[in-house]
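**Student:** give me coordinates for this.
(2 chains)
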Number of protein chains: 2
Amino acid sequence: MEKIIEKPKLSKATTKRLSLYLRCLKGLEKNGVTRIKSSELSKMTQVGSATIRRDFSNFGELGRSGYGYNVSDLIKVFSEILDTKEEKRIALIGCGNLGQALLHNNFRRNENLNIVCAFDNDPLKIGNELCGYQVHSIDEMDKVLKQEKITVAISTVPSQNAQQAIDQVVENGITAILNFAPDPLVVPENVHVHYIDLTSELQTLIYFDGQ
Amino acid sequence: MEKIIEKPKLSKATTKRLSLYLRCLKGLEKNGVTRIKSSELSKMTQVGSATIRRDFSNFGELGRSGYGYNVSDLIKVFSEILDTKEEKRIALIGCGNLGQALLHNNFRRNENLNIVCAFDNDPLKIGNELCGYQVHSIDEMDKVLKQEKITVAISTVPSQNAQQAIDQVVENGITAILNFAPDPLVVPENVHVHYIDLTSELQTLIYFDGQ
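**Tutor:** All right, here's what the predicted structure looks like:
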């Protein structure tokens, strides 16, 4: 496993499954499991074995027929693909309960993902500290985003104000946005918005529970 | 559109895409858009046109060649599939910042999804009110889950305590669990766990922003 892994072009669906595999594999490794078959991983992840084998085949010959896959090799390959090598400096826009949960947790399992500044429009929060972060006013965004060399934004701003906040983020050259408000945003083509819609997630769960 | 829609068997990936289509379509309808082509929806959702057409074909003939799809018809069909007709009574396990964000929001856009009780193991929270909910001790779970006729649980319990909390949830016959801790849980085969791992979501976004 000494060769350098070339990053293949992956679809969004495959990339999300890689995250899922990686999480399960890390759990297995923690419990002392050293190898796994696609059928076993399929049971854990609820992804079909054929899909797992197809996803894995993006990375060359990872497994051996009859033996399965070496857990730590898979972890190495998938981490190489998914983990960012450089620090990603993240701005949080919106410091309500959800924003505070994010500040508090701050992706601490991944040392290269760092929320470094926080914004809100609530006069009671601006200028004060929350979870160790000074809260900036939205009006200061242009200055602070540049100063802090931000490249990623997370928005927990409610739908009715989200577009306005995101317009300002985009004007500052940020092209990666994680958005917790469900209504779609209008952004230029080079900007990637990833939505987390908790109602959709719950609906998907309930749909499958009802089958 | 008066016929009753039979619920087809959908994959998890298709179901999640339906949620995404539904969110976009509702946004379009709000902005006065009445019809849409798969190519336009593809641009909005970043899902390929062929996938969109294949997904839509699960529901019979929804569109007309050259005309596209009627937005309100699609909303009706997809809502029929995804929206629960009966109330889902939900227990929240873990009332930290993230839990409080969920209590505060409580899926208010969907009247059939209701968090009705909340649990925590923090003596400072137990017995007190948070966002209008009385916080119960984890020890009271067996009693309260039955009393409140809970069928769905949302857990924001950190990984190190999640398995224990979920075991108790499962013992009470709950088969649908939305889990915010990234480590995989061990549950019986009839129990559906849906994971929301914010680090994975951010990694997926960053992977695509780097392409």
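**Student:** tell me how far residue A:84 lies from residue A:193.
**Tutor:** 18 Å (Cβ to Cβ, to the nearest Å). Glycine gets a C-beta too; all of them are placed from N, C-alpha and C.
**Student:** looking at these two, which one has more neighbours?
**Tutor:** The residue with more neighbours, out of residue A:84 and residue A:193, is residue A:193; 19 against 16, by other Cβ atoms under 10 Å in any protein chain shown.
**Student:** look at the more buried one and give its secondary structure.
**Tutor:** strand (DSSP: H, G, I helix; E, B strand; the rest coil).
**Student:** residue A:177 now?
**Tutor:** Under three-state DSSP, the three-state class of residue A:177 is strand.
**Student:** now do the contacts for it.
**Tutor:** A:152-155, A:166, A:169-170, A:185, A:187, A:191-194, B:205 (Cβ atoms under 8 Å, 6 or more residues apart in numbering or on different chains).
**Student:** now for the strand ranked longest in chain A, which elements pack on it?
**Tutor:** If you go by DSSP state E, chain A has its longest strand at strand A:113-120. Identification of packing neighbours for strand A:113-120 by 3 or more Cβ pairs under 8 Å, 6 or more residues apart in numbering or on different chains; DSSP states H and E yields strand A:88-93, helix A:97-105, strand A:133-137, helix A:141-147, helix B:198-209.
**Student:** if we use 10 Å, what do you get?
**Tutor:** strand A:88-93, helix A:97-105, strand A:129-130, strand A:133-137, helix A:141-147, strand A:152-155, helix A:159-171, helix B:198-209 (3 or more Cβ pairs under 10 Å, 6 or more residues apart in numbering or on different chains; DSSP states H and E).
**Student:** strands paired with the helix or strand of chain A with the lowest mean pLDDT, and their directions?
**Tutor:** In chain A, the helix or strand scored least confidently by mean pLDDT, DSSP states H and E is strand A:63-64, which has a mean of 76. Taking DSSP bridges as the criterion, strand A:63-64 forms sheet pairs with strand A:68-70 (antiparallel).
**Student:** give me the number of residues near residue A:47?
**Tutor:** With other Cβ under 10 Å as criterion, residue A:47 counts 19.
**Student:** quick check: what element follows the top helix by length along chain A along the chain?
**Tutor:** If you go by DSSP state H, chain A has its longest helix at helix A:12-30. With elements assigned by DSSP states H and E, the helix or strand that comes after helix A:12-30 is strand A:35-36.
**Student:** off-centre distance for that following strand?
**Tutor:** In terms of Cα atoms, centre = their mean, to the nearest Å, the centre of strand A:35-36 is found 26 Å from the chain centre.
**Student:** over to stretch A:112-120?
**Tutor:** Distance, centroid of stretch A:112-120 to centroid of chain: 14 Å (Cα atoms, centre = their mean).
**Student:** buried residues in it?
**Tutor:** Using 16 or more other Cβ atoms under 10 Å in any protein chain shown as the test for burial, stretch A:112-120 gives A:113, A:115-120.
**Student:** one step back: list the buried ones in the longest helix of chain A?
**Tutor:** A:13, A:15-28.
**Student:** over to stretch A:62-78?
**Tutor:** Buried residues in stretch A:62-78 (16+ other Cβ under 10 Å): A:62-63, A:68-71, A:73-75, A:77-78.
**Student:** mind saving the C-alpha coords of it as CSV?
**Tutor:** Only the C-alpha atoms of stretch A:62-78 are listed here, as CSV (Å, rounded to 0.1, in the frame of the first residue of the first chain):
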residue,chain,number,x,y,z
LEU,A,62,-8.2,-3.6,-3.1
GLY,A,63,-9.5,-7.0,-2.3
ARG,A,64,-8.8,-10.7,-2.9
SER,A,65,-11.5,-13.2,-3.9
GLY,A,66,-12.4,-15.4,-0.9
TYR,A,67,-10.3,-13.2,1.5
GLY,A,68,-12.2,-10.0,1.3
TYR,A,69,-10.7,-6.6,2.1
ASN,A,70,-8.1,-5.5,4.6
VAL,A,71,-9.8,-3.0,6.9
SER,A,72,-6.8,-0.8,7.5
ASP,A,73,-5.9,-0.7,3.8
LEU,A,74,-9.4,0.5,3.0
ILE,A,75,-9.3,3.1,5.7
LYS,A,76,-6.0,4.4,4.3
VAL,A,77,-7.3,4.6,0.8
PHE,A,78,-10.6,6.3,1.6
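**Student:** tell me which residues are up against that stretch.
**Tutor:** A:1, A:5, A:17-29, A:31-41, A:52-53, A:55-60 (Cβ atoms under 10 Å, 6 or more residues apart in numbering or on different chains).
**Student:** for the closest residue to residue A:193 other than its chain neighbours, which residues make a bridge with it?
**Tutor:** Nearest-residue entry for residue A:193: residue A:177, 4.8 Å, with adjacent residues in sequence omitted and distances by Cβ to Cβ, 6 or more residues apart in numbering or on different chains. Judged by DSSP bridges, the bridge partners of residue A:177 are residue A:153, residue A:193.
**Student:** understood, closing this out.
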